[in-house]
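Colleague: no sequence for this one, just the structure:
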């Protein structure tokens, strides 16, 4: 059985870090409709810290202010029991981090870092 987190059904883990796990999830919408989203769920030990909870809420707030085609949208910030989580836009594609250090990436999955585009994104975050 898949784990349920609010109205989100966690389908499978797609990433993990020191403070959180990231899941592909299905959001239940009105009239039986569903949408794929990404849920970033904070590890329980961090969710119980009021300091970390404030930091995570600030991260969520800042993310909602950002609006750029190269930044995923944050749809929701929530708490279910002791679990804090963010719900974000799901963007289908390949895992950039898995290919970051590889010289064996096929032409369809090559990426170029455009310095001007990175500068625009940094300016967005800074402002």
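Modeller: That came through fine. Quantities reported herein were computed from a predicted structural model and do not represent experimental measurements. Residues are numbered from 1 along each chain as shown.
Colleague: next secondary structure after the lengthiest helix in the chain?
Modeller: Longest helix in the chain, counting residues (DSSP state H): helix 50-65. Per DSSP states H and E, the first helix or strand lying C-terminal to helix 50-65 is strand 74-80.
Colleague: pLDDT on that next one, on average?
Modeller: The predicted model assigns strand 74-80 a mean pLDDT of 90.
Colleague: partner strands of that strand, parallel or antiparallel?
Modeller: Sheet pairing of strand 74-80 (DSSP bridges) gives strand 83-89 (antiparallel).
Colleague: can you give me the angle the longest helix of the chain makes with strand 74-80?
Modeller: 160 degrees (axes from the mean of the first three to the mean of the last three CA atoms, to 10 degrees).
Colleague: what helices or strands is helix 50-65 leaning on?
Modeller: Packing partners of helix 50-65 (3 or more CB pairs under 8 Å, 6 or more residues apart in numbering; DSSP states H and E): helix 44-47, strand 74-80, strand 83-89. Backbone N, C-alpha and C define where each C-beta goes, glycine included.
Colleague: out of these, nearest to residue 24?
Modeller: strand 83-89 (10.9 Å; CB to CB).
Colleague: tell me which residues in that closest one are buried?
Modeller: 84, 85, 86, 87, 88 (16 or more other CB atoms under 10 Å).
Colleague: same check, this time on stretch 44-55
Modeller: 46, 47, 52, 53.
Colleague: residue 58 versus the first one, what's the distance?
Modeller: Just to be clear, that refers to residue 46. Taking CB to CB, to the nearest Å as the measure, residue 46 falls 14 Å from residue 58.
Colleague: do the same with the third one
Modeller: Using CB to CB, residue 52 is found at 11 Å from residue 58.
Colleague: ditto for the second one
Modeller: Note on residue 47: its distance to residue 58, by CB to CB, is 15 Å.
Colleague: what ranges in this structure fall below the confidence cut-off?
Modeller: Residue ranges of the chain with pLDDT under 70: 1, 94-122, 124-127.
Colleague: one more pass at 90, please.
Modeller: Along the chain, segments meeting pLDDT under 90 span 1-7, 15-19, 28-32, 43-72, 78-83, 91-127.
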